[in-house]
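In: What would the 3D arrangement of this be:
(chains A and B)
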Amino acid sequence: MRIRIRHETTYRYAEAPRMAVQHLRLTPRNHDGQHVVGWRIDVDRDCRLVQSEDAFGNTLHRFSVDGPIESISTVVEGEVTTFDMAGVVSGAVERFPPILYMRETPLTAPNAAISAFAREATSKESGALAKLHTLLGALHESLTFDADVTHATTTAAECFEHRQGVCQDFAHLFIASAREIGAPARYVSGYFLRSDAEDQVAGHAWAEAYVEDLGWVGFDPTHGVSPHENHVRVAVALDYLGAAPIRGAQSGGAGETMDVKICVAQAPVFSQSQSQSQ
Amino acid sequence: MDSRLTQFDELAGADGCTRAPYRKLSQWLAATPPELLASRREQAELLFRRIGITFAVYGAQEATERLIPFDILPRILSRGEWTTLEKGLIQRVAALNAFLADIYSAGDILKAGIVPADLVYRNPAYCPDMAGRRVPYDIFVHIAGVDIVRTDDQGFFVLEDNARTPSGVSYMLENREVMMRLFPELFALHRVAPIENYPDELLATLRSVAPPRANGDPTIVLMTPGQYNSAFYEHSFLADKLGVELVEGRDLFVRDDVVFMRTTEGPRRVDVIYRRIDDDFLDPLCFRPDSALGVAGLMGAYHAGNVTLANAVGAGAADDKAMYTYMPEIIRFYLGEAPLLQNVPTFRCREADALAYVLDRLDELVVKEVNGSGGYGMLVGPHATRAQIEEFRAKLKAQPQNFIAQPTLALSTCPIALASGVAPRHVDLRPFVLQGANGARVVPGGLTRVAMTEKSLVVNSSQGGGTKDTWVIDDAWVDEEAAGQA
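Out: Purely as a prediction, here's the structure:
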């Protein structure tokens, strides 16, 4: 499937900062399940955008701008062709052995309740893959999507207490549970093509777990499925913090507000925006 | 069981004959009236109060800052003893650096199966962000504080490697300054090797690892988490001795991968940061986003090679107490040499056999948290209450991988001067090892920490331990006499 994405993030300040720095993880890379046809990134401020690769192999752009800064707007736009790989992620950039992804982080630390849930839910299954799929189903069933309950720094344990949250929380919970049953797991940020609406207010997030002999496999607890051709994978890390689309800091200033506009649509078959880059 | 029977006193020796390095001190003590010692103790107290040397103690309800107890009798090492120690320390730090450079690149030691990969990759102090990065001259640990103990006349044991932001060097320097004022006559009797050059050596070390663009004239700063940090006094003291600016995160900023310091004359480019702030707080864009102590974008500048951090980010992956147990193998693997300093025998509680053994003998062993420091989260079995032992038993069973255990060592003792007279107390030693592009150096001595209460084995200043001046003496009579005694 060919998917067109436009993602605009605008930060506005009631009181302009003197200076701001941002790290962007907004650029997808290729793997066997996705091919980036074209992608561009644009910041509406006068700055030098430095591209590099982060520790996990994600494409990272950094910039710093001098103030006074009333707003910063970042737009990424492009097209990605996706293939259904039944959730298996192969051919991706891997910088660490799977064991690294057994590390706990504050956002993904399991508590006793998560640990018990993960063990009970998977006790009848044998085999890592079956356990993980069962875990996915169990989590999907017990969780309710609610954007008002949690925030960017909600931990897996907090989310599990309410059984409510957003895709980010569900991904953290899946990661915490998977590590509890011995599977290395990581966070994925990306986009999801919905059948009901093109315009969205947030990106998507899911998890990947490592299965011996199969490699990394995606699990999307929000939808209760393994990622398929509607998923576009952008960045991976131990948790949200390492894969966050934008991390920023500013000196001075106050009253920051953020506005996100995302459009994920199936690209027309004869797309004009397809760039035959020369 | 009286542990004093097996205890080694550095003055009295095992057989009660005064050991050679202490001969003149011992004679002097015998000839000195107790009133004189008492008055010198008072003078020392006054001097320290005037200097304002303090240490903040976390968890103490009263004043957050207090004076560290200081003992006026020097601890003395012969040149021969020091030479052995110095070689061992330099070897140890070379191995720590080789290990860090390896685990953040090829990982040969993991592939060789010498150190378990999960111990490295799951170590909270292993910094994924450093993987695949080179640091200048492959030096991660520029300043190490290696804790040393001895139990007899023979060798030294390493108790702990501190490769992150080891503190205490200001006490080493202050103690010497105070001692020289208090006891000129004792200095006249001994040829005490100088340590006053430590700030110069540290500065030379930091300059040697500056980015090339600094052209040999780098701007160096000392970065502190601020006045609420337990070692703030040391930070300001060292900045002053080094002649560099003492800065907090808010005094620095990064533009286009270059670090600048705000000054009254405008921004000034910074080349080397001697940071006394933990990795987690360095850069809110890479680590803890809620850190108000760091500098946004600092890691970008670091990776771009525009600034050198000392010690390097992620150096803590080598000084973890679980990694400590592998140090002898690490030394052999990288240097192809036998370790000159021994490790204290250590049980890794992550291993089932070891755990069972440890649980059976909690009243005999010292149990330490793998990631703890400063004597927090530690059980000294022989001195613990029933309740403390049971508390640790529960902790050990819940998370065995977080603990190691060691036999309770009969740490050597040194005489200290108390109101009631001279008495032996347990000591350890933290020498400071500097590793620059221009070589490794250790100023002769270090910080001797002393447990002020009788029989106590905990010397950490956060647990009420005190300090002593440490002398390495060059006198020929010591070696002649030592040879005669042997």
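In: Tell me the confidence at the nearest residue to residue A:265 once chain neighbours are set aside?
Out: Closest residue to residue A:265 apart from its sequence neighbours, by C-beta to C-beta, 6 or more residues apart in numbering or on different chains: residue A:198 at 4.5 Å. C-beta: built from backbone N, CA, C; applies to glycine. Each residue has a pLDDT score; the one for residue A:198 is 87.
In: list the contacts for residue A:198?
Out: Neighbouring residues of residue A:198 by C-beta atoms under 8 Å, 6 or more residues apart in numbering or on different chains: A:263-265.
In: what's the spacing between the residue nearest to the spatial centre of chain A and residue B:223?
Out: The centroid of chain A falls nearest to residue A:189 when counting by C-alpha atoms, centre = their mean (0.9 Å). Applying C-beta to C-beta, to the nearest Å, the value for residue A:189 to residue B:223 is 32 Å.
In: Quick check: can you name the pairing partners of the helix or strand hosting the residue nearest to the centre of chain A and their directions?
Out: Assigned by DSSP states H and E, residue A:189 belongs to strand A:185-192. According to DSSP bridges, strand A:185-192 has the following sheet partners: strand A:204-211 (antiparallel), strand A:231-237 (antiparallel).
In: Comparing these, which comes out most buried?
Out: strand A:204-211 (a mean of 26; mean count of other C-beta atoms under 10 Å in any protein chain shown).
In: Residue A:16 is nearest to which of the strands paired with strand A:185-192?
Out: strand A:231-237 (29.4 Å; C-beta to C-beta).
In: Can you tell me what sits against that closest one?
Out: Residues from elsewhere that reach strand A:231-237 (C-beta under 8 Å, 6+ apart): A:3, A:5, A:25-28, A:31, A:33-34, A:56-59, A:80, A:82, A:89, A:92, A:186-193, A:203-204, A:206, A:208, A:218, A:220, A:227, A:242-243, A:245, A:264.
In: With stretch B:466-475 instead?
Out: Contacts to stretch B:466-475, defined as C-beta under 8 Å, 6+ apart, come from residues B:21, B:68-71, B:73-79, B:81-82, B:168, B:171-172, B:175-176, B:178-179, B:190-193, B:414, B:416, B:427, B:429, B:444-452, B:461.
In: Report the buried members of the residues you listed.
Out: B:21, B:68-71, B:73-79, B:81-82, B:168, B:171-172, B:175-176, B:178-179, B:190, B:192, B:414, B:416, B:427, B:429, B:444-452, B:461 (16 or more other C-beta atoms under 10 Å in any protein chain shown).
In: quick one: which of those residues sit in helices?
Out: Filtering these for membership in helices, criterion DSSP state H, returns B:79, B:81-82, B:171-172, B:175-176, B:178-179.
In: so which of the contacts of residue A:198 is the most crowded?
Out: For the contacts of residue A:198, the largest number of neighbours (other C-beta atoms under 10 Å in any protein chain shown) sits with residue A:264, at 23 neighbours.
In: Let me know the pLDDT of that residue.
Out: With respect to pLDDT, residue A:264 has a value of 97.
In: One more: residue B:472?
Out: Per-residue pLDDT puts residue B:472 at 97.
In: Also residue A:267?
Out: 89.
In: picking that back up, so which of the contacts of residue A:198 belong to strands?
Out: Using DSSP state E, A:263-265 are the members of the contacts of residue A:198 that sit in strands.
In: before we move on, the earlier item: check contacts around the residue nearest to the centre of chain A.
Out: Neighbours of residue A:189 in contact, by C-beta under 8 Å, 6+ apart: A:25, A:203-205, A:234-236, A:240, A:243-245.
In: Now pLDDT too, for the residues you listed, in CSV please.
Out: Formatted as CSV, these follow (pLDDT from 0 to 100):
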residue, pLDDT
A:25, 98
A:203, 93
A:204, 96
A:205, 97
A:234, 98
A:235, 98
A:236, 98
A:240, 96
A:243, 97
A:244, 96
A:245, 96
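In: Return the set of residues that bridge with the residue nearest the centre of chain B.
Out: By C-alpha atoms, centre = their mean, chain B has its centre lying nearest to residue B:145, at 2.9 Å. Each beta-bridge partner of residue B:145 is listed here, defined by DSSP bridges: residue B:162, residue B:432.
In: ok, back up a step: contacting chain A as well, which ones from the ones in helices among the buried ones among the contacts of stretch B:466-475?
Out: Counting by C-beta under 8 Å from any C-beta of the partner chain, nothing from those sits close to chain A.
In: Among those, pick out the one closest to chain A, please.
Out: Nearest to chain A among these is residue B:171, at 34.0 Å by C-beta to the nearest C-beta.
In: was I right about that closest one contacting residue B:68?
Out: Yes. Counting by C-beta atoms under 8 Å, residue B:171 touches residue B:68, with 6.7 Å between them.
In: Looking at the stretch 201-350 of chain B, what residue ends up closest to chain A?
Out: Proximity of the stretch 201-350 of chain B to chain A (C-beta to the nearest C-beta) peaks at residue B:296, 3.4 Å away.
In: Listing request: residues of the chain with sub-threshold pLDDT.
Out: Let's take chain A. Chain A contains residues with pLDDT under 70 at A:269-278.
In: That was the other one, I meant chain B.
Out: Chain B contains residues with pLDDT under 70 at B:1-6, B:52-66, B:372-376, B:461-463, B:482-486.
In: Is residue B:280 in contact with residue B:287, as I believe?
Out: Yes. Judged on C-beta under 8 Å, residue B:280 makes contact with residue B:287 at a distance of 4.9 Å.
In: who has more neighbours, these two?
Out: Comparing residue B:280 with residue B:287 by other C-beta under 10 Å, the one with more neighbours is residue B:287, at 20 against 16.
In: Got phi/psi on the closest residue to residue B:446 other than its chain neighbours?
Out: Excluding its sequence neighbours, the residue lying closest to residue B:446 (C-beta to C-beta, 6+ apart) is residue B:431, at 3.4 Å. Main-chain torsions, residue B:431, degrees, to the nearest 10: phi -80, psi 150.
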